[in-house]
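>>> below are the sequence and a predicted model; questions follow.
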Amino acid sequence: MNLRKFMYGSMGFLSLIGFLGIITNEKSFLLFFAFVIDFDYWFMKSDEMLEEYMSKSAARGFYSGMITTALMTLFSFLVESNTSHNALATGLSYGWSIAIIMYSLSTAYYGLKEKWGLEND
């Protein structure tokens, strides 16, 4: 198993955070159970297409997360008049959420595209 394939699959361990939702009755933690699907990468046959679409998905997630972090931090600080600490915490939470959503949607898109045999769309 190569390192990238191991790292992609290891993101499934984030699903363990979902157990905090069961223990503490905080329903927002239950969303972390969605990461269990990442364990599938340990059993996939790795090829150039997998590497390419994972890199594209990671880049989209990273850039959208950083842009969202900056915008939400500025919005929270300037418009909502939060303290700098609270504004940054708000920006980071929105940025991380958007990054994960973009990464997940992008990998789902490329995975379905490859599974269905679609090309050059």
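In hand now; what should we look at?

>>> quick one: secondary structure of residue 80?
Secondary structure state of residue 80, per DSSP: H, G, I helix; E, B strand; the rest coil, is coil.

>>> how many other residues sit next to it?
Residues lying near residue 80 (other Cβ atoms under 10 Å) number 11. C-betas here are computed from N, CA, C, even on glycine.

>>> any stretches of the protein with poor pLDDT?
1, 118-121 (pLDDT under 70).

>>> can you pull up the most central residue in it?
residue 100 (2.0 Å; Cα atoms, centre = their mean).

>>> how far away from the center of its chain is whichever strand or helix holds that residue?
When secondary structure is defined by DSSP states H and E, residue 100 falls within helix 84-116. On the basis of Cα atoms, centre = their mean, to the nearest Å, the separation between the geometric centre of helix 84-116 and that of its chain is 4 Å.

>>> contact partners for the residue nearest to the centre of the chain?
Counting by Cβ atoms under 8 Å, 6 or more residues apart in numbering, residue 100 touches 61, 65.

>>> quick thing: my sequence starts at 7, can you match it?
Okay, using 7 as the starting number, the last item reads as residue 106.

>>> and it, how far is that from residue 91?
23 Å (Cβ to Cβ, to the nearest Å).

>>> do residue 97 as well
Distance, residue 97 to residue 91, using Cβ to Cβ: 11 Å.

>>> try residue 36
Residue 36 is 27 Å from residue 91, where distance means Cβ to Cβ.

>>> and for residue 82?
Using Cβ to Cβ, residue 82 is found at 11 Å from residue 91.

>>> those two: which is more packed in?
Between residue 82 and residue 91, counted using other Cβ under 10 Å, residue 82 has the larger neighbour count: 20 against 8.
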